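Trainee: Attaching a predicted model along with its sequence, questions to come.
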2 protein chains.
Amino acid sequence: MNILYIMFDQLRFDYLSCAGHPHLHTPHIDALADKGVRFTRAYVQSPTCGSSRMSSYTGRYPSSHGVQFNSYPLRVGEWTMGDHLRKAGMSCHLIGKTHMVADAEGMERLGLAPDSVIGVRQSECGFDPWVRDDGLWAEGPDGCYDVKRSPYNEYLKSKGYPGENPWNDFANAGVEGNDIASGWFMANADKPANIAEEDSETPWLTTKAIEFIEQATGPWCAHLSYIKPHWPYIVPAPYHDMYGPEHVLPVVRSDAEREDAHPVFDGMMNNQIGKAFSRDEVRQKVIPAYMGLIKQADDQMGRLFAYLEQSGQMQDTMIVVTSDHGDYLGDHWLGEKNLFHEPSIKVPLIIYDPREQADVSRGSTCDALVEAIDLAPTFLEVAGGAPVPHILEGRSLQPWLHGESPEWRDYAVAEFDYSTMPLSAKLGLAPKDARLFMVTDHRWKLMHAEGGLRPMLFDLEADPNELVDLGTSAEHTDVREMMYERLHQWALRMSQRITLSDEQIMSGRGKSGRKGILLGVYEPDEIDAGLTVKYRGPVPQNTTDQ
Amino acid sequence: MNILYIMFDQLRFDYLSCAGHPHLHTPHIDALADKGVRFTRAYVQSPTCGSSRMSSYTGRYPSSHGVQFNSYPLRVGEWTMGDHLRKAGMSCHLIGKTHMVADAEGMERLGLAPDSVIGVRQSECGFDPWVRDDGLWAEGPDGCYDVKRSPYNEYLKSKGYPGENPWNDFANAGVEGNDIASGWFMANADKPANIAEEDSETPWLTTKAIEFIEQATGPWCAHLSYIKPHWPYIVPAPYHDMYGPEHVLPVVRSDAEREDAHPVFDGMMNNQIGKAFSRDEVRQKVIPAYMGLIKQADDQMGRLFAYLEQSGQMQDTMIVVTSDHGDYLGDHWLGEKNLFHEPSIKVPLIIYDPREQADVSRGSTCDALVEAIDLAPTFLEVAGGAPVPHILEGRSLQPWLHGESPEWRDYAVAEFDYSTMPLSAKLGLAPKDARLFMVTDHRWKLMHAEGGLRPMLFDLEADPNELVDLGTSAEHTDVREMMYERLHQWALRMSQRITLSDEQIMSGRGKSGRKGILLGVYEPDEIDAGLTVKYRGPVPQNTTDQ
């Protein structure tokens, strides 16, 4: 069996019709949910791209692999999904985005050439890149955000789009008169992107995926990693005007949230992003474009799934659809992501398993507390590899897919490092103190802040919209204590003993005596004579001069 | 300035006359203490060799580098003292023991040849080995504990000692009639080792160190890492009978310790080692031999320091004398180490800094809570390197040496993983649950046990011998809470963001806009026009067919 591991970027958990969106119809993704299991409480391990992705790709929490924010290099030698799968006989490929930054200093210290097979895998988070494009070809007075070559820009140039950065000038911009109407300015979100729809990012990557599958020999895992519906919020016709302000759901926020808000929450509500997304005009412009991007994505899923059907591969391919995090879209007076409310930290997760054992679960939902780090161990089990819980911190989801009800975790954890944000300086925090942790169970969600700041707490049952912060509520002292106990249990977890498995430890127990290490032995007759052969007998004699 | 970093193995903090031993006179080490600073509360990060050493050599806690017990391989790419020092222009060499096990699978995955310079450094914990000998040439029915080649055995053979393993048959055995009287059997501890004193392990390594220094060009750091006074407890004449039962200090233990003991403590008191060291005859035999080994070590220090004086290098060489852990020697009904009482987890630490700035502190003691992980940052500062607190978890001790009173930690931490011991199976614990943590401040010492076991607590002020376990005392609930708060604060520390420094983070804050990432911008005039140059202007035109 092969694995098609599809990730969208910044796709909110509830912006699919199978998840209840009343206006945004996503029949192709819904059809996959009908054939698979839809996980309703799937959490990423960080609300920001790079960190969340490194957790998904390594199967480990951010504080375990160290990539706590975008563009933190992943340390050389960290085990990835690709390393585990290749060891189990399955190749592992990348088509699209990872937000991976290589540990150039670490690679140089180990003498790894970036263009060797090993060097490329170290640079590409363990994937063999079919095509790598992070889709952030921004440029400002200090140069480009991403200095790599963009295969997508090369594609556009080959199709005749002029200029150095058609990603910027066409795929992510409309036109007004003779001028660019850039998608970087949200006022332009209702304009059609100035590009043929089939040349836009989502269809282009779908084509790349089909090209990959056509030539692939299995077993393979392909990470098809889309750039959208991530900003810039702009989409080509006909998707640009499929939705209007009448399809924008009511904003989820309350005035009470702004009163005596947690300092980090307060800082985010009052930065450029929070202030912008608190304006109605911004939501009315951005959300229809965001919905258009998702509608286009769903249509491309239709195209891709049809290709798999037609080529007879639907029965041999596990298909996963998920995202790296959500998007506040103005809820809670916030835009983007970067905190732990459900619109930001919860993601869609649908897994279709073609095998007969999964027939029992088709079309069902599962509300277990699932973490994005569960995918790597799931894939490893599918590939037939032995589990490696001393490295992978997640758990295989296969039992859920096969209708079982395994013993499961009681709480999910996510982390966020805002030390790169001006907010941390404003709060007077050293980088190590500008960190947040989320612990959520079936009812409660705690946010812990380092640096001596108070926690936040939400009752997901009584307050599913997370509008009432119980972080200082006197009646909830016990709840906070319980959640803190879990956080501390998690913090003490063993995460770095990656060079030795439980099996190796258990099989070696008490065996050092058989290799001559005798401890606490006063006289030879206290232990088995077989253990002391080398420690008894005549003193060796020099025979050289005999 | 060069650094001579001397480590003994299993040397108790109080088995030196400068530390108060009434019978064991160590004038050469005492003289160093007179010229330097003696730290009276220096803690290693694990009471077992391999783990403690990997912490000292990486400057990181065991749960940060993952080597939680002996023979756990150190993951490839982990930064070591040698890596940091070389970057700062100081070479770093090994003379003796490390207990390092290479991450062979990790090295193979990265294509690192074990015999390349890079491969050797990865295999030798970042040191350039002048000579590597771990001094554990044990052999049993399943073969050798250590399969490497022993340079010390080669030396003995070159001196005419016969047989394959003269370390075992001569250096660590006496003779009885024509037979070996092995040091592995503690009943033989009062016999002289059947070897010329100058050929025994401690003088041999001292000679190697002098040979190294003679040819070295600086600046260098040399880790002179002795094998003794670690077991087998046996020493050549004249040291074998310098001490007798009359020099054995009274045992520190109480019957109360055996009543309702903590399950891990109980397990250790009742294993082969604990039972043996609870016998008076064992202590009477072993402790004089242990003292003889230390006396020999002190004499070799005299020889080494005299060489440095004579060669004019005493003014250019920082000298550190310490140990990797202590030895219970029957105290608390225990032998060896492996728990957190002071005889096990506290070590001698003397630092002589020849520079004028250190004149103010010569001959003083310092009772700050020092950790073995402080040595790597100390050496880095001496080498003139910039501090790297995102990698090194310890703190430079240089301010103490220069008479300052820096802000310092409130508590010290150590860890122990007993998952490889049969005790963990006996207690029904999975490997991840067979872990212990120690937190100690100036008054209290808490031992936390994973796996749902209760804690232990000692009041070092009222009960300096740690005989009364307050782990369940109702009056000490607040103390345990305070100590647990510290443990949890420590557990949430940031330990893996090793690829990015605080400076890099702080200097990059808020700069993504200058590389074109514009977030929350509705209309261009909301921000500085310089940031939007690439997002405005005419749509590029195709000029190819003009």
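Mentor: Now that the structure is in, tell me what you want to look at.
Trainee: any low-confidence regions in the stretch 401-546 of chain A?
Mentor: Across the stretch 401-546 of chain A, the ranges flagged by pLDDT under 70 are A:544-546.
Trainee: Where do the strands of it begin and end?
Mentor: Under the criterion DSSP state E, counting those that start in this stretch, the stretch 401-546 of chain A contains strands at A:412-417, A:435-440, A:444-449, A:456-459.
Trainee: quick one: the helices in the stretch 101-250 of chain A?
Mentor: Here the stretch 101-250 of chain A has its helices, by DSSP state H, counting those that start in this stretch, at A:104-109, A:117-123, A:151-158, A:166, A:201-215.
Trainee: Any chance of CSV for those, columns mean neighbour count, distance to B:Gly177 and mean pLDDT?
Mentor: For the C-beta atoms, the positions are set from N, CA and C on the backbone; glycine is no exception. CSV is the format used below for the helices of the stretch 101-250 of chain A (neighbours: other CB atoms under 10 Å in any protein chain shown; distance: least, CB to CB, whole Å; pLDDT from 0 to 100):
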stretch, mean neighbour count, distance to B:Gly177, mean pLDDT
helix A:104-109, 17, 56, 96
helix A:117-123, 19, 59, 96
helix A:151-158, 17, 81, 98
helix A:166, 26, 92, 98
helix A:201-215, 19, 77, 98
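Trainee: right, quick check: the top helix by length along chain A against chain B, any contact?
Mentor: What stands out as the longest helix in chain A, according to DSSP state H, is helix A:280-310. Yes: using CB under 8 Å from any CB of the partner chain, helix A:280-310 reaches chain B at A:281-282, A:285.
Trainee: and those, which are buried?
Mentor: Using 16 or more other CB atoms under 10 Å in any protein chain shown as the burial test, the residues of helix A:280-310 next to chain B include A:282, A:285 as buried.
Trainee: Of the residues of helix A:280-310 next to chain B, which is the nearest to chain B?
Mentor: Chain B lies nearest to A:Val282 out of the residues of helix A:280-310 next to chain B, by CB to the nearest CB, at 5.6 Å.
Trainee: Could you pull up the residues touching the residue lying closest to that closest one once chain neighbours are set aside?
Mentor: Leaving aside its sequence neighbours, A:Val282 sits nearest to A:Ala276 (CB to CB, 6 or more residues apart in numbering or on different chains; 5.2 Å). A:Ala276 makes contact with A:186, A:282, A:335, B:520-522, according to CB atoms under 8 Å, 6 or more residues apart in numbering or on different chains.
Trainee: can you redo the residues of helix A:280-310 next to chain B as CSV with distance to B:Ala256 and pLDDT?
Mentor: Converted to CSV, the residues of helix A:280-310 next to chain B look like this (distance: CB to CB, whole Å; pLDDT from 0 to 100):
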residue, distance to B:Ala256, pLDDT
A:Glu281, 75, 97
A:Val282, 71, 98
A:Lys285, 75, 97
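Trainee: What score does the residue nearest to A:Ser91 when sequence neighbours are not counted have for pLDDT?
Mentor: Nearest residue to A:Ser91, sequence neighbours excluded (CB to CB, 6+ apart): A:Trp220, at 4.8 Å. For A:Trp220, the model assigns a pLDDT of 98.
Trainee: distance of A:Trp220 from chain B?
Mentor: The gap separating A:Trp220 from chain B is 20 Å, by CB to the nearest CB, to the nearest Å.
Trainee: now A:Asp241
Mentor: From A:Asp241 over to chain B the distance is 19 Å, taken as CB to the nearest CB.
Trainee: Burial check on that residue, number of neighbours?
Mentor: Neighbour count of A:Asp241, defined by other CB atoms under 10 Å in any protein chain shown: 14.
Trainee: what about the closest residue to it other than its chain neighbours, how many residues close to it?
Mentor: Closest residue in space to A:Asp241, ignoring its immediate chain neighbours: A:Asp190 at 7.1 Å, by CB to CB, 6+ apart. A:Asp190 has 21 neighbouring residues, counting by other CB under 10 Å.
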